[in-house]
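Novice: Next come a sequence and a model predicted from it.
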Amino acid sequence: ADRTLYLPSNADGTFLTTTTSGSVLQTITTVKTDTSSWAFDTSSNSWKETGLQAVITPTAASNKILIWVSGMYGGSVNGENIYWTFSRSSDSSNFQIGDTASNRTRVTSGSFLDSTSRPAQFSVCAVDSNHNTTSANTYKLLATGNNQSGTMYLNRTSSDDDGWYRPRGTSTMILQEVAA
């Protein structure tokens, strides 16, 4: 078989053999179309798994992982503050959270549930620059509430009677490895 490499006349004859800093090396996408639920924890900032997660295997421990999540949620308590963060399996830590300040909950993002019968939208983004691994790493979306006891739902409202006016939604997580 012919293995001759032909270059255009305007090429300088060099090949790029390294990855440019800031280049996206891989993208992993997970779309959750079913629903999940969990109890609000109002006695502490105990994070609950939402059921939305994705796995990525970085090619270099120094590369960054960008995490983008958006979707729909509902809950059984209107007027509830909802807080969001991520965990990673390599060290079970939360990352890109606010600074420590006395008893305040350290979060990545927050949203507000106005009504039990209407959906709310959330969007959470983070950059993980300290994963320090080239092994498979699972990123999970975590949530907690802070006002009253109740149940939170991903991809549905709390009011879930069978009608066209009760939506079922999707939530998406996108992981991107970016060259350091």
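Specialist: On my side now, so go ahead. As the structure is a computational prediction, the values presented were derived from the model and not from experiment.
Novice: Model confidence at the residue nearest to residue 100 when sequence neighbours are not counted, what's the number?
Specialist: Among residues not flanking residue 100 along the chain, residue 106 sits closest, at 6.5 Å (CB to CB, 6 or more residues apart in numbering). Quick note: C-beta positions are derived from backbone N, CA and C, even for glycine. Looking at residue 106, its pLDDT reads 86.
Novice: Distance check, residue 106 against residue 47.
Specialist: From residue 106 across to residue 47, the span is 10 Å (CB to CB, to the nearest Å).
Novice: again with residue 19
Specialist: From residue 19 across to residue 47, the span is 34 Å (CB to CB).
Novice: what about the residue nearest to residue 100, distance to residue 66?
Specialist: From residue 106 to residue 66 the distance is 20 Å (CB to CB).
Novice: thinking residue 120 is in contact with residue 72, fair?
Specialist: Yes - judged on CB atoms under 8 Å, residue 120 makes contact with residue 72 at a distance of 7.2 Å.
Novice: residue ranges for the strands of the protein, please.
Specialist: 24-32, 36-39, 48-56, 64-75, 80-88, 109-113, 120-128, 137-145, 151-154, 171-178 (DSSP state E).
Novice: Indicate which one of these is closest to residue 163.
Specialist: Closest approach to residue 163 among these (CB to CB): strand 64-75, 14.5 Å.
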